[in-house]
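Student: Sequence first, then the predicted structure, then my questions.
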Amino acid sequence: MSAGRTVLPAGYSRLRAGGGTFLLHRRSICVATALSVLLAAAVVAYLCVGESFVAPAEVVRVLLGRPSPDEFVVGTLRMPRLVTGLLVGAAFGAAGALIQTMARNPLASPDVIGVSHGAGAATVAAMTFGITSYTALPYVSVAGGLAAALLVYVFAWRKGLDASRFVLIGIGISVALGSLTQLFLTKGDYLVAQQAKVWLTGTLNGRGYDQAAPLATALLLLTPALLWAARAQRGMSFDDDTATALGIRVGRIRLGLATLGVVLASVATGAAGPVDFVALLAPQIARRLTRTAHTPLLCSALMGALIVVVADLLARKLLSPIELPVGVLTAAVGAPYLMWLIRTRSRTGGTA
């Protein structure tokens, strides 16, 4: 080995691009590639299945922009809902990865720290007072999620942002906001209350480009911050004392990761409602697949998108012609996983 040559960590490769050097985890690249292939297959299957079956070859023709007799069914009826599901799943997956990294706790997610409940309370309140427009409700949801996160932050801050206190206070705020949501449901019109209950489970029914556009814009604008977060996560894999000794500003990074995760979860909730457990499941599955010390951001986003697309496909077909909200399927899988995770942690006393 030549003198002065940097030794790469096991499993990493060096990439030089744009005058900079990046470390790439080889297993993570393989997992991301495999998830992308699975997601592409899920997209084709999603566009094939519905009240009428469309041949995969015709779906591919529509996706490639070629003329097809099924262009209306695929491109107009199914594609907008699919795009919304992809963006919602990716946003929830990335948000879960960021918040779990910040808290160093696999139990932490937007569902736990009050973001989803804040968005739900604000949206149900808006519906109760007559605001039922699909155009306005996403912005109300975002405002509610951000307000809930700010409330948790204010109560959790004590000479710094302590991760454990942040999660515990978030649980308390979630319970309080859940009670407030139920109060609005009992005070509102019956039909509005039924509509709000469906929204609270998380649904892609009736969703389209109007809901996808704000989410896509937010993801595009947040791309530089996500690139920063992907690098900052590596430093958070150390304990606080080690990270501080290495010159890592733990407090600022933790605050940045939490803020970014809250914003992503809020805009995703605004688009499709609080689709529970996606932000909890996706990062943990991605981390187990990649076997990295930190939760991989890209793989978490891809896994989140895959979970939502597959869950919505099953929700549309399991009890056809009745369509279940996608949140029913994700909760059916996520709730047992959460109980298993709590039981495992109580036995081992381990952390993320």
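Tutor: Arrived safely, thanks for sending.
Student: Of all the residues in the one helix or strand residue 175 maps to, which ones are buried?
Tutor: Per DSSP states H and E: residue 175 is located in helix 163-187. Buried residues in helix 163-187, counting neighbours by 16 or more other C-beta atoms under 10 Å, are found at 163, 165-170, 173-174, 177-178, 180-181, 184-185. C-beta coordinates here come from the backbone N, C-alpha and C atoms, glycine included.
Student: same question, stretch 333-341
Tutor: For stretch 333-341, burial by neighbour count (16+ other C-beta under 10 Å) applies to 334, 338.
Student: same question, stretch 249-269
Tutor: Taking 16+ other C-beta under 10 Å as the basis for neighbour counts, the residues of stretch 249-269 that come out buried are 250, 253-269.
Student: pLDDT of it, averaged?
Tutor: Averaging pLDDT along stretch 249-269 gives 84.
Student: dump the residue contacts of the nearest residue to residue 323 once chain neighbours are set aside.
Tutor: Using C-beta to C-beta, 6 or more residues apart in numbering and skipping residues adjacent in sequence, the residue nearest residue 323 is residue 316, 5.3 Å away. Under the criterion of C-beta atoms under 8 Å, 6 or more residues apart in numbering, the contact list for residue 316 reads 49, 50, 323, 324.
Student: With residue 115 instead?
Tutor: Residues counted as contacts of residue 115 (C-beta under 8 Å, 6+ apart) are 145, 148, 149, 262, 265, 266, 269.
Student: so how far is residue 200 from the last one?
Tutor: The one in question is residue 269. Here residue 269 is placed at a distance of 10 Å from residue 200 (C-beta to C-beta, to the nearest Å).
Student: What distance separates the opening and closing residues of stretch 51-71?
Tutor: One end of stretch 51-71 to the other measures 15 Å (C-alpha to C-alpha, to the nearest Å).
Student: repeat for stretch 107-118
Tutor: Criterion C-alpha to C-alpha; first-to-last residue distance in stretch 107-118 is 19 Å.
Student: Same question for stretch 62-75.
Tutor: End-to-end distance (C-alpha to C-alpha), stretch 62-75: 7 Å.
Student: From the chain's centroid, how far away is that stretch?
Tutor: Mean-position distance between stretch 62-75 and its chain equals 29 Å (C-alpha atoms, centre = their mean, to the nearest Å).
Student: Please give me every residue in contact with the residue nearest the centre of the chain.
Tutor: In the chain, the centroid-proximal residue (C-alpha atoms, centre = their mean) is residue 92; its distance is 0.6 Å. With contact set as C-beta under 8 Å, 6+ apart, residue 92 has these partners: 110, 264, 265, 268, 275, 278, 279, 282, 304, 308.
Student: Which residues are in contact with each of residue 269 and residue 200?
Tutor: Common contacts of residue 269 and residue 200, defined by C-beta under 8 Å, 6+ apart, comprise residue 120.
Student: Please identify the buried residues of the helix or strand encompassing the residue nearest to the centre of the chain?
Tutor: Here residue 92 is covered by helix 79-103, with elements defined by DSSP H and E. With burial defined by 16+ other C-beta under 10 Å, the residues of helix 79-103 counted as buried are 79-103.
Student: Which PyMOL command selects the buried ones in the contacts of residue 316?
Tutor: Typed into PyMOL, the next command selects the buried ones out of the contacts of residue 316 (criterion: 16+ other C-beta under 10 Å):
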select buried, resi 49+50+324
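Student: and of the contacts of residue 316, the nearest to residue 156?
Tutor: Distance from residue 156 was checked for each of the contacts of residue 316 by C-beta to C-beta. The minimum falls on residue 324, at 35.6 Å.
Student: Can you verify my assumption that the closest one contacts residue 317?
Tutor: No. Under the contact definition of C-beta atoms under 8 Å, residue 324 does not touch residue 317, with a separation of 9.5 Å.
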